[in-house]
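1. what follows is a predicted protein model with its sequence.
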Amino acid sequence: MSNRRRMVARLSSLLLGGACFGLSPQPLSFADAVYPMLEKAGCRSCHNPEGVASPTRLRFPEQETPKAPVELFGQSLVELVDQRNPENSILLLKPTKRVAHAGGERIKKGSPEEAALKAWIARLAALSGSDLVAALKFRQEQDAGYGVAPSVVLRRLTHSQYNNTVRDLLRETTAPARQFPPEDFVNGFKNQYQALAVSPLQAEAYAAAAERLAVNAFRRGDSRGLIPCKAAGPDCRVKFIETFGRMAFRRPLEKEEVARYDALFRVERDLLKGAQAVIETMLQSPHFLYWLDQTPNVKWKPYATAARLSYFLWDTMPDDALLDSAARGELNLPESLERVIRRMLGDPKARQGLDEFVSQWLRFDRALSAAREPRLFPFFNRELALAMTEETRRFVADVVWNDKNFMEVFTAGYSFINSDLAAIYKVAAPARHFDRVEFPPEAERAGVLGQALFLTLTSKPEDTAPTGRGLFVREQFLCQQVPSPPPGVDTNLPPVAESKPMTNRERLAAHTTNQLCAGCHSLIDPIGFGFEKFDAIGMRREKAKLLFSAAKPKEVEVELELDTTGSIAGIPDSQFTSPRQLGELLARTRQCQECVVKQVFRYMAGRWDTPADRPLLNRAIEDFRRSKFRFREMLVSLIKGWEFSAGKERYAARNH
């Protein structure tokens, strides 16, 4: 007997507690015996809160969970056990692929691992009475939410927030953050707190920008309204420092701070030079570069709320009215807070805030940095890529600000295009740039999935990428994380030759024959196949066209029939053949509806959602549904829930 079989056999006997030998059952350890086996089989990679199997009843606890909760999780698996006929338990049938399982065979039939799993199932099948009730309690707690969410005290201004803030603070429109080091996407966004550290290079960029901005503030020799007086006396200095500092730091300054900046101001004899020194110094202060998310300082808490609201809804600093609301305590009560939120949503700055969220969620950057093979896609250039982003920006804004059902983002048979996009879509150009245009039924386009932006950013320079398109749908619209390829696996596909031309579907068939690849690619490739009638810049094609030119005087073009049958593993009756059909499917799918809320939450909170956030998310999702999927109503629900449930619990947990 091999060492592995000997070890698993030992585990099996331990799990049975010696009962098969006529001994009294002994305490079992799911955490030591079965849990590592299931993790090694890769079950967690799909059965986690963000995994492709997240809607199922099997959901692993967070990684690094202590042993005691893991034991409770093991007991809760009784929900997946047929107590009358343990051999018919879904906990056994799925991982051994005796019934359909999107993740494939994870535990081999007849293996020692299967024997160990059967032993645990037998143990669960014997539970009854209070033991059974206790076993189911863990799952109920999983659904209700548990633990404490991460505490985020400070969040650095993103480059977009920096540009918008100096614009509103100094009337500066040069967008200085364009010269800063590029930002990274984390959790799908650029505003996640884990990615907002300040490197030495970033610190130098802040210093250089502060110097230029301070000079520009008075470049015409006047105060541009920044200094509320003309004589350089003590009262004037203090009034300027308090007024400008309140806006720059998004809160009133303490007396000690005013005194320090007044001393700096007095070094310069000239009024404007003194103010310039104060501005340059304030713009390099952590109090400017970072905004408060949470604070134990009772006086500053309303201003932290104001900063959270403004940088979420407006992508810029609070205005005077919002800071005044904070000073009056209007952000401390649900009713008055809702009035403030709705006032902010009616401000034009809310449109820039939405645009920034959409540009990150839908990854405009990938289209703007895309390159295409000129021989194959002569129409593609920078101007076309910009038009793609403008189309999607206007399209989503139309749905949100006209209070339409937000799920129309996936189903609408119209868009807002210019003449360049009209050529791609093969429709008549609108009378004015980016007017609304209806798509004919035969176009099979609908919502963002049928737009050139999505179809371009999920493609390769020379061809479509079914895997990339399927992955984008999973991650951005279903909030499901597909595991990365195992290390060392060969990701190359069979080459295409004139003697053996193949469609992408035929080439990707290699993913289904390789067991290392099949588990994940079966979750994403079938989604991408449904887009194959749309090429790498979103133009419709009836057949795949391949060009061969090696060692020939003239290129040879080969056309291949396309099979655009697609499906989404894990969603029943999810077959589709076009972006329009997939859009309709996603719009009515619970996971997609919930994902919209989750994506907004992640952008708002600056972090990934955790089990502790589930009550807040569940309420917001229900409010979203009750409002018939009105985006603005979902925003109100999320913010109020964040401020008056999760927020208070967060402070209490940290300060206890």
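-> Structure's in. What do you need?

2. which element is residue 557 on?
-> Assigning secondary structure by DSSP states H and E places residue 557 in strand 556-561.

3. neighbouring strands - and their directions - for that strand?
-> Taking DSSP bridges as the criterion, strand 556-561 forms sheet pairs with strand 543-548 (antiparallel).

4. run a quick neighbour tally on residue 431.
-> 6 (other CB atoms under 10 Å). Quick note: C-beta positions are derived from backbone N, CA and C, even for glycine.

5. phi, psi of it?
-> In terms of degrees, to the nearest 10, the main-chain angles of residue 431 are phi -60, psi -30.

6. still on that earlier bit, could you dump the strand holding residue 557 to PDB, C-alpha only?
-> The C-alpha trace of strand 556-561 is given here as PDB (Å, rounded to 0.1, in the frame of the first residue of the first chain):
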ATOM      1  CA  VAL A 556      -4.900  33.700 -48.900                       C
ATOM      2  CA  GLU A 557      -8.200  34.300 -47.200                       C
ATOM      3  CA  VAL A 558     -10.000  31.300 -45.600                       C
ATOM      4  CA  GLU A 559     -13.600  31.600 -44.300                       C
ATOM      5  CA  LEU A 560     -15.000  29.300 -41.600                       C
ATOM      6  CA  GLU A 561     -18.500  28.800 -40.300                       C
END
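
7. ok, residues contacting that strand?
-> Residues from elsewhere that reach strand 556-561 (CB atoms under 8 Å, 6 or more residues apart in numbering): 498, 501, 502, 503, 543, 544, 545, 546, 547, 548, 549.

8. does the fifth one touch residue 562 like I think?
-> Yes - applying CB atoms under 8 Å as the test, residue 543 and residue 562 come out as touching, 6.1 Å apart.

9. and the contacts of strand 556-561, which is closest to residue 449?
-> Among the contacts of strand 556-561, residue 544 lies closest to residue 449 (CB to CB), at 19.7 Å.

10. spit out the contact partners of that closest one.
-> Residue 544 is in contact with 503, 504, 532, 559, 560, 561, 562, counting by CB under 8 Å, 6+ apart.

11. what's the burial count for the last one?
-> Burial of residue 562 is recorded as 16 neighbouring residues (other CB under 10 Å).

12. using the three-state scheme, assign residue 340.
-> helix (DSSP: H, G, I helix; E, B strand; the rest coil).

13. host element of the residue lying closest to it once chain neighbours are set aside?
-> In space, and not counting its chain neighbours, residue 340 is closest to residue 325: 5.2 Å by CB to CB, 6 or more residues apart in numbering. Assigning secondary structure by DSSP H and E places residue 325 in helix 320-327.

14. hmm, who's touching that helix?
-> Residues contacting helix 320-327 (CB under 8 Å, 6+ apart): 246-247, 250-252, 302-303, 305-306, 309-310, 318, 331, 336, 340, 343-344.

15. again, 7 Å this time
-> 246, 302, 303, 305, 306, 309, 310, 331, 340 (CB atoms under 7 Å, 6 or more residues apart in numbering).

16. okay, the closest residue to the third one other than its chain neighbours: pLDDT?
-> Pointing back at residue 303 there. Closest residue to residue 303 in three dimensions, ignoring its sequence neighbours and counting by CB to CB, 6+ apart: residue 251, at 3.8 Å. Note on residue 251: pLDDT of 97.
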